[in-house]
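J.: here's my sequence, what's the structure:
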Amino acid sequence: MKALKKILAKVQAGEMTAAQALQALDVFEKDLGFAKVDTDRQRRRGFPEVIFCQGKTAEQIIRIMSALSRNGQDVFATRCTADQYREIAVAYPKARYDKNARIVSMDIKPGQKRRKLGRIAVICAGTSDIPVAEEAALTAEQLGAKVERIFDIGVAGLHRLMKHLPTLRKCRAVVVVAGMEGALPSVVGGLIDKPIIAVPTSIGYGTNLGGITALLAMLNTCVPGISVVNIDNGFGAGVAAALINRTV
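T.: Numbers count the residues shown, from 1 in each chain. You can find the predicted model right below:
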């Protein structure tokens with residue numbers, strides 16, 4: 001914001017033309033024609049722009065990665081297919097791929113270790129929910145949070161959840177991922193006093209309706225204080241939990 005004010009002040013004082021100001025503003029945004037990369041997001045939000053790979057070509061993803069890396073920003077890309085990654089790996093051999101979470105990441109300054117702060121938990125009801133849960137966990141770790149992973153503790157076997165309550169009560173926020181009828185967040189919400197981000201998944205039989213049943217169940221929970229993100233949106237839940245973790 002200070003840099004922007006300086007540019008505007010120079011235009012106002014007649015020390016800089018409008019064309020020069022637009023060129024100077026390129027530091028905040030890189031126009032690639034098909035995409036406008038927000039190179040100032042790291043300063044504003046504490047983490048760089050994240051690439052959503054779905055619907056993009058591998059070439060487009062690579063060019064966005066180049067724009068970010070040239071500005072000294074780490075690369076984090078979600079919903080990346082194995083085919084997209086194969087092309088990315090040719091251009092950036094150091095890029096890592098988690099095929100379960102469908103995430104590509106690349107540290108521009110790999111020697112600079114980030115200190116993980118606080119603690120959040122990412123839990124999921126069933127093994128089939130792990131890809132969404134891992135998307136949340138990797139996202140939160142990218143944003144600097146320590147993450148506890150606790151998987152396959154759905155309400156069909158409540159005893160599996162109960163033994164993890166001491167761990168959950170020590171966390172600053174808990175991401176709860178569930179498909180089917182989406183009951184797990186309500187159960188967890190009745191047992192701990194931490195912020196909960198519920199993630200409905202598209203896992204389930206016919207009347208799960210691709211996650212709509214779980215979504216509606218979570219939105220209609222009688223437990224106060226549960227926030228709900230969109231179906232399969234592990235990324236959004238991971239960001240929310242990491243931001244809570246930062247502010248505590």
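J.: buried set for the longest strand belonging to the chain?
T.: Counting residues, the longest strand found in the chain (DSSP state E) is strand 117-124. Buried residues in strand 117-124, defined by neighbour count with 16 or more other Cβ atoms under 10 Å: 118-124. Backbone N, C-alpha and C define where each C-beta goes, glycine included.
J.: just name the shakiest helix or strand of the protein by mean pLDDT.
T.: helix 18-24 (a mean of 65; mean pLDDT, DSSP states H and E).
J.: the nearest residue to residue 34 once chain neighbours are set aside: what secondary structure?
T.: Leaving aside its sequence neighbours, residue 34 sits nearest to residue 60 (Cβ to Cβ, 6 or more residues apart in numbering; 6.0 Å). Here residue 60 is recorded as helix under DSSP: H, G, I helix; E, B strand; the rest coil.
J.: pLDDT value on residue 60, please?
T.: Per-residue pLDDT puts residue 60 at 95.
J.: and it, how far from residue 142?
T.: 21 Å (Cβ to Cβ, to the nearest Å).
J.: then residue 205?
T.: Distance from residue 205 to residue 142, by Cβ to Cβ: 33 Å.
J.: so for the two, which residue has more residues nearby?
T.: More neighbours surround residue 142 than the other of residue 205 and residue 142, with 21 against 9 (other Cβ atoms under 10 Å).
J.: how many neighbours does the residue lying closest to that one once chain neighbours are set aside have?
T.: Leaving aside its chain neighbours, residue 142 sits nearest to residue 76 (5.3 Å; criterion: Cβ to Cβ, 6+ apart). Residues within reach of residue 76, counting by other Cβ under 10 Å, total 22.
J.: residue 180 - how many residues pack around it?
T.: Neighbour tally, residue 180, other Cβ under 10 Å: 24.
J.: can you pull the contacts of the closest residue to it other than its chain neighbours?
T.: Spatial nearest neighbour of residue 180, excluding adjacent residues (Cβ to Cβ, 6+ apart): residue 204 at 4.5 Å. Applying Cβ atoms under 8 Å, 6 or more residues apart in numbering to residue 204 gives the contacts 179-181, 211, 213-214.
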